[in-house]
Each structure stands twice: as C-alpha cells, then as structure tokens.
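**Q** the amino acid sequence is not available; the structure is as follows:
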C-alpha cells in the first residue's frame, strides 16, 4: 500500500476528468465533464436524479466506457482498472451482496480482493456500526448491506473513497458514525468523493461541492464560498418606526410584514445595513444563512424536481 | 363552470377505478415468458410436424422400412432416452417415439424453470413484494402466475396434436400425445411452484425441482429397463406418458393418473403461498453461523467456492444416470449378442459395436455433452446473474480486470465440466463393473472425456453471449449440447443430406472407447470453443456493465 501511495504524487489531483461524455442512444447522461478533485478533501457531488452522478462514478470505476473524454484516478487512466483500483475503495448506491455469504465472509472477500485493509480498524468499525457479521447476507436489511460495504471501504487505506449515496439506508445514529468515519478518513489524508442527495450531510462533512445538472457541471465551490455567494435573510423588529433600507448596497426584497417589523435579503458586506438598523434601536435581529437546500433550489428551480 | 360542477362533485372516490390486479399480474408474467414460450411451442410443434411429415419418405426410402427402424430402436442410447419403441410402423408412433421423451423433458424443464423464476426469483429480487402490496393476496397472485406458466405447455401440447393431425395421423393418438405433453409440463410447472414456496432461494428451488424431474426420468428408465421394477413408471410423468402409448395402445388410465397428479400439484401451491411470509420460504434458511473463510482469497478461488455446491448436485444427478446405464450394460449388449441378425443390421445402420460393452458405453457417453454443456452454460449464467443483481461492482472496484474475472470463472467452469464428465465415466464403470461387464475404468473415463469438446463448445457459446448479450447466456450455451443433439436426431430421422447432419457437433464425435478418438475433430472443436470464448472476452471487456 505505502509503496503504491508513494508512486502517485500527493499534489496531483486524485480524480481528474477531461471532457468526459456518456451517451445512451440519444440521451446524454454526461456531457463534457471537466473535474479535478485535490487530495485530502471531502468532495461532495450533488445533483438531482438523472443528473449524471452515478454515470460519472461508473466511468471513474471503469464499469462503463466513456463515449468521449478521459478520466484519471491518482494519475492512472480510469480504464486501467488493475492499476487504478489499487488507489480506491467503492460503496455503490444499491449494495447487493452474495446471499449465501455471511457478513464476515463478505468482508473477507472484499478485503482480499481490494487494495488491502487495516484489520484492527475494520474490527473497530464493525463495533461502531453495530454490524452482526454472523448472518448470511440474504437476511440483511438494505441498511445493513450498506454498512457492510461502508466498513469494507473505510477499512482500506486507499487514497480515494468513492461513496455513491452511501447513507440512504442508515438511521440517524449510524449516520453519525458515517460522518465520524469520513472525518477520520480525511484526517488520515484520504480523499472522499461523496455523491449524495442528503444536503444536510453534504453541508456537514464536505469541504467542496460540485453541482451537476443534466449531465453538465453547474458549479464547483467551497461550501462556505457557496453560501457567501448567496443571500442572507435578515429580519428585525422595532418599537418605533422601521428604518428605510431600500437604497443600501446589497439589500433587496425589503418588506414590512407587520408594523415595526422589516425583512430583507443581504448580499455582500453587511456593514451599511447593520449601521442603519443599529441607529434605529432594534428590539431583535434574526439572521439566517441560506441552507444548501435553498442554494440548490436556486440552481434547479422548482421545475426540476427530484431533490430531497 | 356549471358544466364542470358535476364532475367536481364526483371526485376521485366516485370515479370508477380501473384496477384489475389479477389481470395485471398475469399480464406481467405473460410478458416475461412470452419469448421462451413462443420458442417452446413452435419448436415442439415444428419437431413433431417435421418428423411426422417426412415419415413416409424416410421409412419408405429406408432399406427394410420399419424393420430397419426396429433395429435403430435397439440402440440403447436411443432406447433409454426416447423410451420403449412401439408402433414404429406408423407416422404417429414413430414421431412419439422419436420426439416424445425429448419434448417431455424440454417442456417439463421449461415450465419448472419459468415457475421458479417467476415465483421465487421475482421474490428474491424484491419485485414480488411490490405486486402483492397491491389489492391481490399472495395466494391469488401465485395462482395467476401459475395459470400463465401452465398455459404454455397446454399450447405446446395443442400445437403438437395439431401438427400430428395435420400430418394425417389418427386423431385419438395425436390428442393423447398432446395431452400427455401438456400434463407433463403442467405437473413440472406446479412442482417448480411448490419448490418456490418451500425453498427461500431461487437456486435451491430450481435445484430441488430439477432433482425431482431427474428422478422421474431415472424411474422411467429403470421401469423400462428392469421388468420387475416396471411399476416405477407409475411414479413418473415420463413413465405415465410412455404407458399411454399413443397410436399403439392409446391407454387412458395412465393419462387420468397424470391429470390427477398435475391438478393436485397445482392446487397445493396457492395454499402454500398463503401460509408463508413474503420473501421467505416455508423452510427457513439457517441463521447465524461461524464464518467459513476458505476460498475467498482470489476471484478464481471465489469462483471455485461458488461452483462447489452446484457441481455436487449435477454430479449426483449425472452420476446416478450413468451408474444406472452402466448397470444395464450386460442386459442390453447381451440382447444384441444373442441376436446376431439385429447386431448386423445395427452395424449396417451405423451403430457398429453396440453388442459390446465399449460400443454401448460410447453411444451413451455421447449424451453426456448435453448435461455437461448445460452445466457450463448455467455456471456462466451465474456470472450474468451476479451482474444483473448488481453484485459485480463490489468485486470490480478492486484491482481486478473483467478479463481476469471472466477467464478465472471460465477456467474454473471448464475444469468443473471436465471433472463432471470424468465422474460420469467412473459412475458408468462402477455400474458396468457391478454386472461384470468387460469395461475398464480408464476406458469408461476416456469415453466420457471424449465428449468434453462438445461441452466446452457450450461453455464457449455461453461466454460469447455474456460478452455481447448477457440475457442469452444460458440459451446460447445450450445450443451446442441440447440443440446439437436434437439437430442430429431430427436430421437423421428425416434422412437429411449429410451436410445438414454435420452441422451438429455430435456428428463428429468418435465412438470412444470402441474406436480411437477423432483427433482432428476434437482439435477443431476445442479451437472453435476457444475462439467463441475469446470473442466473448473481447465483448465483455468493451461493454458497459449492466444494469446502468
């Protein structure tokens, strides 16, 4: 493992794609994706159903062939799976296991065929995810199947973890364990490529997100920067008259829902608006940052459903 | 506004909801079997028609007419496979004898596989739960599916009867033969459905039901071969249809027994379906157990691990068959030795050496390529099933190329096929040795291994299909073995030109151990098998893994 890790420079992007396209007949599932994921990040990959997230992952893993363009994993062309896959571990969106193998046997198989595992950490993860390994997989719920695949992936020391909607079957307690495992992976220097619908999860654990729509990349940004680009909602209450805010820089959508209350949105530096509010002596002030969900709906609008 | 008001007051509750759940379930089942059903019905009717229509020219043109056919009928392989030859001097009797048993097995197997696929496979995949979450209870949904599955053998039987009547055979015999075929299919469809209720997994259900079908075949063979055990034929649908003897005795009694058995099997299934949890079988699989960590270390080892249990099952079935035919060696070869005139006629008809244990063994081993080729096709089909069930991405996310995965799985399958053939040879030898037949173990195993190239053609065809059209794996893999054998039988029956016959790989098998192996033919077949597999690997590497 360590020799392999040395073989690839840490400064180089862990995932890189160049004009990656995938067509199914006339449908363009992916249309010219250029992406670069630096090492050591938790990288969120967002988009509504059918945006091309899973297609991208299938192309990265060599499970499907690109119609055009190229992809690299740790500098190795994605098509050379025997080399490229020494650098990655994968959790599919829909985990299917061999029904006759028990959890322990499945972990043994995936561990032996994968890029190598840390057995002590694997045992710890089994504990933390409360996984019963003595049961044949046919008796596992979808959440338990997902936990088996997660434990198998997190127990590797692969530089890249590709997780495709990995928490859809997990309960809130297990989701906490998942987030902790992602943080530990990042601390070890592993890169996590996380495709997800769960915006709260992405918001909580991702450093950077790429947003995909209809097979095209809409935006790539730090989560904090994304927020800063968007409007903050401000509401203030006054005993007396409401101050006039209309002409201030960055202020928009000013409304007075009731006497003595004002609501507006703010983009950019808040100084001028705060000065005006302070001078009028507010009773209260509420500031709400937009959630990723709102940013998201801003990108897709109400016409493009499918986001949770 | 006023025109809209009446509609608005009716609302969704008042609207007549067009839900016909029974029809929907039956329609879905029909959709998923329609291709295979069409092939089965057309093949059954066409085979019967071809043999019946060409009877006059073939038998009329043959030296000695029906008398020469009676000699052909003494060929032990034909006899054990097709049953007791009766009424060979009529077009109907000849057709029944030549195609009846094969069509019975084909129809029974089709119905059995369709029933376990639709009633257990769909449940394994979780799709069945979606259906029975509707308004239709599980027992009624099961009954609907079963109705669709059993309608297909009825159509096949009707097609066969129609083909025979059109060819001018007596109506009574044609109807009895068609009804026998239909009831055989219904019985095994119902049996598959019962197995689907009992076992919690499709492979287990299919395996158990297939074992019963194989036991039914063996019972018919033993019943035919050993007069003292003739009653065994009453226990097997194949034995019962043989006793009907269409165009000869036209007995109705055995048909009534078969009809009652088929109805019983059909009646039991929905009741069982109502008594169990959806997703589970009546027999619950073992729960927690200690891990068995052997054979998990490499894709090849894992392929071995997954093949062990099915291999043992196939070995038991094929081994039992060859043990039995081994036991019959002396009685059947003795007959020909005692009747030199028949032996000479047989030699003239191309079955030289049937009066010796070696010749008899060689003729019977030719049949071995059907089950062994089928085994190989089913094992490659298991890889296709892993893909369809989305299990492969977990393996292929490791540093493992598809080429290595497929070559490893294919190599393990090839070795298992060779060992299965060898086991059949040893079983035959054991049977022959018990009755003191003059046949050495080496000769028996050599005879069995001589058929391996035909089985590997099946493996190659299955790999080819996996690379380019994974849904067709098992069908394609069955073409060289089952298809090749039926081709040979039909082309011989209708006295087709020689080049037609030589399309079948069976036409190129030497009669080992009675004759030396045909080195050129063996080499060519192995090369063709390797080419098919190679093309399959190319396709498997290039295509996208399914489902997308």
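**A** Ah, there it is. Every value quoted in this text rests on a predicted model; they were computed, and no experiment measured them. Numbers count the residues shown, from 1 in each chain, chains lettered A, B, ... in the order given.

**Q** I'd like the next helix or strand past the helix or strand of chain B with the lowest mean pLDDT.
**A** Considering only helices and strands, the least confidently modelled element of chain B by mean pLDDT, DSSP states H and E is helix B:5-14, at a mean of 48. Proceeding C-terminally, helix B:5-14 gives way to helix B:21-53 as the next helix or strand, assigned by DSSP states H and E.

**Q** that next one: how far from the chain's middle?
**A** Helix B:21-53 sits 16 Å away from the centroid of its parent chain (C-alpha atoms, centre = their mean, to the nearest Å).

**Q** show me what counts as buried in that helix.
**A** By neighbour count, with 16 or more other C-beta atoms under 10 Å in any protein chain shown as the criterion, the buried positions of helix B:21-53 are B:21, B:25-26, B:28-30, B:32-33, B:37, B:40-41, B:43-45, B:47-53. All C-beta spots, glycine's among them, are computed from the backbone N, C-alpha and C.

**Q** now the helices: where do they sit in the stretch 51-200 of chain A?
**A** Ranges of helices within the stretch 51-200 of chain A are A:53-60, A:81-84, A:103-113, A:119-128, A:142-154, A:172-187, A:199-205, based on DSSP state H, counting those that start in this stretch.

**Q** can you lay out these as TSV showing distance to chain B and mean neighbour count?
**A** Formatted as TSV, those follow (distance: least, C-beta to the nearest C-beta, whole Å; neighbours: other C-beta atoms under 10 Å in any protein chain shown):
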stretch	distance to chain B	mean neighbour count
helix A:53-60	7	25
helix A:81-84	5	19
helix A:103-113	4	23
helix A:119-128	12	15
helix A:142-154	7	24
helix A:172-187	16	16
helix A:199-205	21	18
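
**Q** ok, which of the ones you listed comes nearest residue B:157?
**A** With C-beta to C-beta as the measure, helix A:142-154 is the member of these nearest residue B:157 (43.7 Å).

**Q** what lies in contact with that closest one?
**A** In this structure, residues lying in contact with helix A:142-154 by C-beta atoms under 8 Å, 6 or more residues apart in numbering or on different chains are A:89-92, A:95-97, A:103, A:106-107, A:110-111, A:114, A:117, A:121-122, A:125-126, A:129, A:131-132, A:137, A:140, A:161, A:163, A:166-171, A:174, A:178, A:181, A:184-185, B:394.

**Q** then stretch A:273-283?
**A** Taking C-beta under 8 Å, 6+ apart as the criterion, the residues outside stretch A:273-283 that touch it are A:234, A:236-245, A:248, A:250-251, A:260, A:264, A:266, A:285.

**Q** show the buried residues in these.
**A** For the contacts of stretch A:273-283, burial is judged from neighbour counts taken by 16+ other C-beta under 10 Å, and it is met by A:234, A:236, A:238, A:242-243, A:245, A:248, A:250-251, A:264, A:266.

**Q** now, those residues that are in strands?
**A** Counting by DSSP state E, the part of the buried ones among the contacts of stretch A:273-283 found in strands is A:234, A:236, A:238, A:251, A:264, A:266.

**Q** excluding chain neighbours, what is closest to the third one?
**A** Think residue A:238. Distance criterion C-beta to C-beta, 6 or more residues apart in numbering or on different chains; nearest residue to residue A:238, sequence neighbours excluded, is residue A:260 at 5.0 Å.

**Q** before we move on, the earlier item: report the two of the buried ones among the contacts of stretch A:273-283 separated the most.
**A** Taking every pair in those and measuring C-beta to C-beta, the maximum separation is 20.5 Å, between A:238 and A:250.

**Q** other SSEs contacting the strand or helix carrying residue B:334?
**A** Using DSSP H and E, residue B:334 maps to helix B:329-338. With contacts defined as 3 or more C-beta pairs under 8 Å, 6 or more residues apart in numbering or on different chains; DSSP states H and E, helix B:329-338 has these neighbours: helix B:76-82, helix B:340-348, helix B:357-365, helix B:402-434.

**Q** chain A: which of these is closest?
**A** helix B:402-434 (7.8 Å; C-beta to the nearest C-beta).

**Q** in the closest one, what's buried?
**A** With burial defined by 16+ other C-beta under 10 Å, the residues of helix B:402-434 counted as buried are B:402, B:405-410, B:412-414, B:416-418, B:420-433.

**Q** repeat for stretch B:248-259
**A** Within stretch B:248-259, the residues that count as buried by 16+ other C-beta under 10 Å are B:248, B:250, B:254-255, B:257-259.

**Q** using pLDDT, spot the least trustworthy of these.
**A** Least confident by pLDDT among the buried residues of stretch B:248-259: that is residue B:248, with 91.

**Q** residues contacting residue B:176?
**A** Taking C-beta under 8 Å, 6+ apart as the test, what residue B:176 contacts is B:244, B:246, B:250, B:252, B:255.

**Q** residues touching the fourth one, list them.
**A** The one in question is residue B:252. With C-beta under 8 Å, 6+ apart, residue B:252 has these contacts: B:176, B:244.

**Q** done for today, thanks.
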